[in-house]
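Colleague: Quick one: sequence and predicted model below, then my questions.
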Amino acid sequence: MLKIKDLRKSYGNFELNLSLEVPAGCITGLVGSNGAGKSTTFKAILGLITTEKGSVEVCGKDICTWEAKDREKLGVVLANAGFNTYLTLRDMEGVLSRMYTRFDREMFREYCSRYHLPLDKKLKEFSTGMLAKTKILAAITHKADLLLLDEPTTGLDVLAREELLDMLRSYMEENEERSILISSHISTDLEGLCDDLYMIEKGHIVLHEEMDILLGQYGILKVTKSQFDAMEKQYLLGKIEENYGYRCLTKEKQFYLENYPELTLEKGSVDEVITMLVKGEKI
Ligand SMILES: Nc1ncnc2c1ncn2[C@@H]1O[C@H](COP(=O)(O)OP(=O)(O)OP(=O)(O)O)[C@@H](O)[C@H]1O
């Protein structure tokens, strides 16, 4: 669905240099800290900034050759883009129906009602959560094939975030060929949603892993120095020194469960696994 190959963009000392793929039917997460290059990636995909190298293909077509009608295949939420807040959702319905041939008015109304979005209130009176849901609404109601969502969950409380993720799950359930690329600087935001995760640091991909593997096969061992010296290390990916010894990351947690049942092994959240990968000392 989306193929990014050797994409390069420089801003002074910052260099984005990445390849990434989002297959049809897949929700792919792009996680990275502030300034890692997430928004630059989205802008480059959309051709909003010039790039020095690389190619971006959406639905089998290079974006350089895209025509206006191709853009209808995309639903987009950009991190710092907003709407004219003097509009109401009823006004937006009119705008979207003129913009997109595939706009689904019935779906728009149904989602407004399901997610408690009033039709006649000005957007400037909406809460952060309501505005975030409105952005998603505007991205999904023309039945796009691919959603590009840059930090759509920023600033949301747990309930609003869950509602937003629920909207995305419904969007995916309607058609199994659809795909989403979604970014966040908080990986746990994406834990229950994504099939696949890319981690970006200083413009480069430092981890690409299926979410099931990340949650199922990775683990964090807490060991004393003597336990560390005695244990098999070929399945360890990194270690961080602690006052009790070491915290070690493994991608083969089953091996340690079977062979070293006396060791403390934690499942580890996606955030912990990523921290270990980025900050841990290689073994
Ligand atoms: N127009 C620009 N001119 C100069 N530098 C830029 C420009 N846009 C982005 N940058 C730089 O590129 C780097 C990546 O920024 P980007 O906005 O892509 O990060 P991000 O991962 O989206 O961060 P955040 O989570 O804070 O939004 C940063 O160092 C930023 O200062």
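Modeller: Looks like it arrived, so ask away. Residues are numbered from 1 along each chain as shown.
Colleague: Report the contact partners of D189.
Modeller: Applying Cβ atoms under 8 Å, 6 or more residues apart in numbering to D189 gives the contacts T153, R161. No exception for glycine: its C-beta is placed from N, CA and C like everyone else's.
Colleague: got it, and L181?
Modeller: L2, L20, V22, T28, L30, F42, I45, L146, L147, L148, L149.
Colleague: Run a quick neighbour tally on the residue in the stretch 101-250 of the chain positioned nearest to the ligand.
Modeller: Closest residue of the stretch 101-250 of the chain to the ligand, Cβ to the nearest ligand atom: H185 (4.8 Å). Neighbourhood size, H185 [other Cβ atoms under 10 Å]: 15.
Colleague: ditto for N17
Modeller: Using other Cβ under 10 Å: N17 sits among 17 other residues.
Colleague: For L265, give me phi and psi.
Modeller: phi -120, psi 130 (degrees, to the nearest 10).
Colleague: In this model E258 seems to touch it, though I could be wrong.
Modeller: No. Between L265 and E258 there is no contact under Cβ atoms under 8 Å: 10.9 Å.
Colleague: Of the two, give the one with the bigger neighbour count.
Modeller: Using other Cβ under 10 Å as the criterion, L265 and E258 rank with L265 on top: 18 against 9.
Colleague: quick one on the thing from earlier: spit out the contact partners of the residue of the stretch 101-250 of the chain closest to the ligand.
Modeller: V31, G32, S33, N34, A36, K38, E151, T154.
Colleague: Next up, the contacts around the third one.
Modeller: Spelled out, it's S33. Contacts for S33 (Cβ under 8 Å, 6+ apart) come out as H185, E201.
Colleague: strand partners of whatever helix or strand K3 lives in, parallel vs antiparallel please.
Modeller: K3 belongs to strand 2-11 when assigned by DSSP states H and E. Strand 2-11 has the following sheet partners, assigned by DSSP bridges: strand 14-22 (antiparallel), strand 53-58 (antiparallel).
Colleague: Please determine whether it lies in contact with the ligand.
Modeller: Yes. Strand 2-11 comes into contact with the ligand (Cβ under 6 Å from any ligand atom), by way of Y11.
Colleague: near the ligand, which residues of the stretch 51-200 of the chain show up?
Modeller: A79, H185.
Colleague: So which residues of the stretch 51-200 of the chain form helices?
Modeller: With helices called from DSSP state H, counting those that start in this stretch, the stretch 51-200 of the chain shows them at 89-99, 105-114, 128-140, 158-174.
Colleague: Relative to R247, which of those helices is closest?
Modeller: helix 158-174 (27.7 Å; Cβ to Cβ).
Colleague: Can you give me the buried ones in stretch 185-192?
Modeller: Residues of stretch 185-192 classed as buried: S187, D189, L190, E191 (neighbour count, 16 or more other Cβ atoms under 10 Å).
Colleague: Make a markdown table from those residues and add pLDDT and distance to I136 to it.
Modeller: Formatted as a markdown table, the buried residues of stretch 185-192 follow (pLDDT from 0 to 100; distance: Cβ to Cβ, whole Å):
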| residue | pLDDT | distance to I136 |
| --- | --- | --- |
| S187 | 80 | 20 |
| D189 | 79 | 14 |
| L190 | 85 | 15 |
| E191 | 82 | 19 |
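Colleague: Return the member of those nearest to M276.
Modeller: S187 (12.5 Å).
Colleague: what's next to the worst-scoring helix or strand of the chain on mean pLDDT, contact-wise?
Modeller: Every helix and strand in the chain was compared by mean pLDDT, DSSP states H and E; the lowest is helix 270-279, with a mean of 82. With contacts defined as Cβ under 8 Å, 6+ apart, helix 270-279 is touched by 31, 186-188, 190-191, 197, 199, 201, 206-207, 211, 214-215, 218, 220, 237-238, 240, 247, 249, 266, 268.
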